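Peer 1: Quick one, what's the 3D model for this:
(one chain, ligands or ions: 1)
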Amino acid sequence: MPRQFFVGGNFKMNGVAESITSIVNNLNSAKLDSTTEVVISPPALYLTLTRSLADPKIGVAAQNVFDKPNGAFTGEISVEQLKDTKIDWVVIGHSERRVILKETDEFIARKTKAAIDGGLSVIFCIGETLEEREANKTIEVVTRQLNAAAKELSKEQWAKVVIAYEPVWAIGTGKVATTEQAQEVHAAIREWLGKSIDAHAQDNVRVIYGGSVSEKNCRELATQPDVDGFLVGGASLKPAFVDIINARI
Ligand code: PEP
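Peer 2: So this is what the prediction gives:
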């Protein structure tokens, strides 16, 4: 079975009730490729609003979750609380959290484990900085980030993971990776899945690309055999998000 194309929209810390309502209504009324899985990720305060408005076919993801079940963790949100509010997805390891909030590979891996143990699916973000790319360390960095998750997850749990390869230098910069650069890293991630998890994960885990994806560049990226979709930041707030969801039709 071919892997189902997946497009995520990461709103980051953008939007208020009115604008988020308008984005969701726009998606609800648009003609979306029915073969593409769509998941949108609003700020935490608007998760329940988004879930109540969005067509049930559209998934909703939190942008973060904590690794402990409950307790004295001011400002954090638990897996149980997300499940309780009918949220089925979470974005973990976004570079803005790795870089700005100093989240470590190990913490990100623990959160991924807690999320999947508690019944969530995870958009697991990895990617190198410009400095790391220029030092030819891209594969080393993404392998290190993946190895941390592999230490925590069972083989079966990879069925609940979508890997988002997001070169940090391409996020929000307008500098998209070339199709060749994206395909090369995606193929290496797929090879890693085969070697470090198993053949089933290698064939079935989706590896999506993120970093300045737009309605202009999505079609070419989508032609690559190991690009199974996109994680979209800025453009997910615009009507053009529909064109990215429909990149393959
Ligand atoms: C992101 O936030 O995951 C992202 C890829 O952002 P942008 O599309 O704006 O580069």
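Peer 1: Please count neighbours and contacts with C-alpha atoms only from this point.
Peer 2: OK.
Peer 1: can you dump the C-alpha coordinates of stretch 181-199 into CSV?
Peer 2: C-alpha atoms of stretch 181-199 as CSV (Å, rounded to 0.1, in the frame of the first residue of the first chain):
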residue,chain,number,x,y,z
GLN,A,181,18.3,18.2,-1.0
ALA,A,182,14.9,17.1,0.4
GLN,A,183,14.9,13.8,-1.4
GLU,A,184,18.5,13.0,-0.3
VAL,A,185,17.7,13.4,3.4
HIS,A,186,14.3,11.7,3.2
ALA,A,187,15.9,8.7,1.5
ALA,A,188,18.6,8.6,4.3
ILE,A,189,15.8,8.8,6.9
ARG,A,190,14.0,5.9,5.2
GLU,A,191,17.2,3.9,5.2
TRP,A,192,17.7,4.6,8.9
LEU,A,193,14.2,3.3,9.5
GLY,A,194,15.1,0.1,7.8
LYS,A,195,18.3,-0.3,9.7
SER,A,196,17.3,0.9,13.1
ILE,A,197,13.6,-0.1,13.3
ASP,A,198,12.5,-2.6,10.8
ALA,A,199,11.4,-3.2,7.2
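Peer 1: Buried residues in it, which are they?
Peer 2: The neighbour-count check on stretch 181-199 (16 or more other C-alpha atoms under 10 Å) flags 182-183, 185-187, 189-193, 196-197 as buried.
Peer 1: before we move on, what about stretch 78-98?
Peer 2: Neighbour-count burial for stretch 78-98, counted by 16+ other C-alpha under 10 Å, picks out 78-80, 82, 86-95, 98.
Peer 1: and the chain, which residues reach the ligand?
Peer 2: Within the chain, the positions lying close to the ligand (C-alpha under 6 Å from any ligand atom) are 10, 170-172, 210-213, 231-234.
Peer 1: need the contact list for the nearest residue to residue 167 once chain neighbours are set aside.
Peer 2: Leaving out its chain neighbours, the residue that sits closest to residue 167 by C-alpha to C-alpha, 6 or more residues apart in numbering is residue 127, at 4.5 Å. Going by C-alpha atoms under 8 Å, 6 or more residues apart in numbering, residue 127 touches 95, 138, 141-142, 165-168.
Peer 1: Please report how far residue 127 lies from the ligand.
Peer 2: The gap separating residue 127 from the ligand is 11 Å, by C-alpha to the nearest ligand atom, to the nearest Å.
Peer 1: What of residue 161?
Peer 2: Computed as C-alpha to the nearest ligand atom, the residue 161 to the ligand distance reads 16 Å.
Peer 1: Need the phi and psi values for that residue.
Peer 2: Backbone torsions for residue 161, taken as degrees, to the nearest 10, come to phi -110, psi 130.
Peer 1: So what sits opposite it in the bridge?
Peer 2: For residue 161, the beta-bridge assignment (DSSP bridges) gives partners residue 122.
Peer 1: my guess is it contacts residue 119, does it?
Peer 2: No - applying C-alpha atoms under 8 Å as the test, residue 161 and residue 119 come out as separate, 11.5 Å apart.
Peer 1: In terms of neighbours, single out the busier of the two.
Peer 2: residue 161 (20 against 16; other C-alpha atoms under 10 Å).
Peer 1: list the contacts for the more buried one?
Peer 2: Going by C-alpha under 8 Å, 6+ apart, residue 161 touches 121-124, 205-206.
Peer 1: Let me have the residues of the chain next to the ligand in JSON lines, extended by neighbour count, secondary structure and distance to residue 24.
Peer 2: Below are these laid out as JSON lines (neighbours: other C-alpha atoms under 10 Å; DSSP: H, G, I helix; E, B strand; the rest coil; distance: C-alpha to C-alpha, whole Å):
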{"residue": "10", "neighbour count": "25", "secondary structure": "strand", "distance to residue 24": "13"}
{"residue": "170", "neighbour count": "19", "secondary structure": "helix", "distance to residue 24": "26"}
{"residue": "171", "neighbour count": "20", "secondary structure": "coil", "distance to residue 24": "23"}
{"residue": "172", "neighbour count": "16", "secondary structure": "coil", "distance to residue 24": "22"}
{"residue": "210", "neighbour count": "28", "secondary structure": "strand", "distance to residue 24": "21"}
{"residue": "211", "neighbour count": "25", "secondary structure": "coil", "distance to residue 24": "22"}
{"residue": "212", "neighbour count": "24", "secondary structure": "coil", "distance to residue 24": "21"}
{"residue": "213", "neighbour count": "27", "secondary structure": "coil", "distance to residue 24": "19"}
{"residue": "231", "neighbour count": "29", "secondary structure": "strand", "distance to residue 24": "17"}
{"residue": "232", "neighbour count": "27", "secondary structure": "strand", "distance to residue 24": "15"}
{"residue": "233", "neighbour count": "22", "secondary structure": "coil", "distance to residue 24": "15"}
{"residue": "234", "neighbour count": "20", "secondary structure": "helix", "distance to residue 24": "15"}
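Peer 1: Since that was my last question, I'll sign off now.
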